[in-house]
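Q: Here's a sequence, model it:
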Amino acid sequence: MSQRFLSAPSWLGATLLLSVLLALPSVAAARTLAEVKAKGAISLCANPDALPYASEKPEQPGFQVELAQAIAAGLGVSLELQWIKPRYRARLVNCDILMDSINDPDLYEGKLLLSRPYNHTGIALGVGPSGKDIQRFADLKKGQKVGVMVNSLTQIVLVQSGISTSPYAFEADMLDDLAKGELFGAAASPATITWYARQHPESRIQALPAYDHEPKLAWDVSVGMRKSDQALVDAVNKVLDGLLKDGTVMRVYEKYGVQQRMPSAAAQ
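A: Here you go, the predicted structure:
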């Protein structure tokens, strides 16, 4: 499947996994802190083939998995991985946490508790060498076409701003066309763009943090805990505080070529 499951047409991008889980009617409730401690493990739902986010390859597990491993270690338990693909049935899903959950409780209708945010991200603008003078979406000139995910919030925002867009079903296809010069830019997650650039250095693509200038396309991410208890939230927050302070979160992201950004002050 490669990264195409991750790149489905949704402005949540890397958190598509969350929408899949919340749509499953018979998902079992996640464990409380006491139950996690008693079991000696906490489980993470992740995509087995979605680098740089997650992978079942032990030598390159992805930043979501590595961050979850660090959180589990901070809790004094091991990490269990629950690999999720669209074809899995709801009864097979019983994980405790999801990484990179958008830090907005209203999105989850009470089905998810959130940790403190640990990264600020959004929709970046991928450009090739010809885009060296671009810093924000507003810098784009008429006729400079940008690839967007079809029916996404990004598409709506850019079209309303008068920017020429071309809709795509998969971010990978969008970035391929950008590399071939068929697009001026590509609106996608910064992790996806930077990972693509690492795999294709000849493309000379770079990710510009255009979301810094467009609040509608920027958000913080947290650890999502499915129907758990406040004690687990508090424990995860304590671990995250330590991982942010000692630079672990930053180093994990950097390992995959992704810049970690401190969460916006308003969300903390």
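Q: Quick check: Ala235 is in a strand.
A: No - in this structure, Ala235 is helix, not part of a strand, as judged by DSSP: H, G, I helix; E, B strand; the rest coil.
Q: list the helices and strands the longest strand along the chain packs on?
A: The residue-count maximum for a strand in the chain (DSSP state E) belongs to strand 218-226. For strand 218-226, the contact count by 3 or more CB pairs under 8 Å, 6 or more residues apart in numbering; DSSP states H and E identifies strand 97-102, strand 112-114, strand 119-122, helix 230-245 as packing neighbours. C-beta here means a position set from N, CA and C on the backbone, and glycine is covered the same way.
Q: Which one, of those, ends up nearest to Asp220?
A: Closest to Asp220 of the helices and strands packed on strand 218-226 is strand 119-122 (CB to CB; 5.2 Å).
Q: how about the closest one as PDB, C-alpha atoms only?
A: The C-alpha atoms that make up strand 119-122 are tabulated as PDB, following Å, rounded to 0.1, in the frame of the first residue of the first chain:
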ATOM      1  CA  ASN A 119       4.200  19.500  18.100                       C
ATOM      2  CA  HIS A 120       2.900  22.300  16.000                       C
ATOM      3  CA  THR A 121       2.300  21.500  12.300                       C
ATOM      4  CA  GLY A 122      -0.200  22.000   9.500                       C
END
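Q: buried sites along the helix or strand just after that strand?
A: Using DSSP states H and E, the next helix or strand after strand 119-122 towards the C-terminus is strand 124-127. Burial within strand 124-127, assessed by neighbour count using 16 or more other CB atoms under 10 Å, is assigned to Ala124, Leu125, Gly126, Val127.
Q: State the distance from the second one to Leu232.
A: The reference is to Leu125. Noted for Leu125: a distance of 37 Å to Leu232, by CB to CB, to the nearest Å.
Q: before we move on, back to that, could you figure out how far the longest strand of the chain is turned away from strand 97-102?
A: Orientation of strand 218-226 against strand 97-102 (axes from the mean of the first three to the mean of the last three CA atoms, to 10 degrees) gives an angle of 150 degrees.
Q: Who does strand 218-226 pair with, and is each partner parallel or antiparallel?
A: Applying DSSP bridges to the sheet, strand 218-226 is found paired with strand 97-102 (antiparallel), strand 112-114 (antiparallel), strand 119-122 (antiparallel).
Q: List the neighbours of it that are in contact with it.
A: 15, 18, 21, 27, 29-30, 71, 95-104, 108, 111-123, 211-212, 232-233, 236, 240, 263-264, 267 (CB atoms under 8 Å, 6 or more residues apart in numbering).
Q: One more: stretch 149-165?
A: For stretch 149-165, contacts defined as CB under 8 Å, 6+ apart pick out 7-11, 123, 137-138, 140, 142-148, 167-169, 171, 174, 187-188, 214, 216-217.
Q: Could you do stretch 236-250 as well?
A: Here stretch 236-250 makes contact (CB under 8 Å, 6+ apart) with 67, 70-71, 74-75, 97, 115-116, 118-119, 223, 225, 260, 262.
Q: Just want the angle from the longest strand of the chain to helix 230-245.
A: 140 degrees.
Q: what's the burial count for the residue lying closest to Thr192 once chain neighbours are set aside?
A: Closest residue to Thr192 apart from its sequence neighbours, by CB to CB, 6 or more residues apart in numbering: Glu171 at 5.2 Å. For Glu171, the neighbour count with other CB atoms under 10 Å is 26.
Q: again, but for Ala138
A: Residues near Ala138, counting by other CB under 10 Å, number 12.
Q: low-scoring stretches of this structure, by residue?
A: Counting by pLDDT under 70, the chain has low-confidence residues at 1-29, 86-93, 265-268.
Q: can you pull out the helices in it?
A: For the chain, the helices defined by DSSP state H cover 16-22, 33-39, 63-75, 153-160, 171-179, 190-199, 230-245, 248-255.
Q: among those helices, which is nearest Lys85?
A: So among these, helix 16-22 is nearest, using CB to CB, at 9.1 Å.
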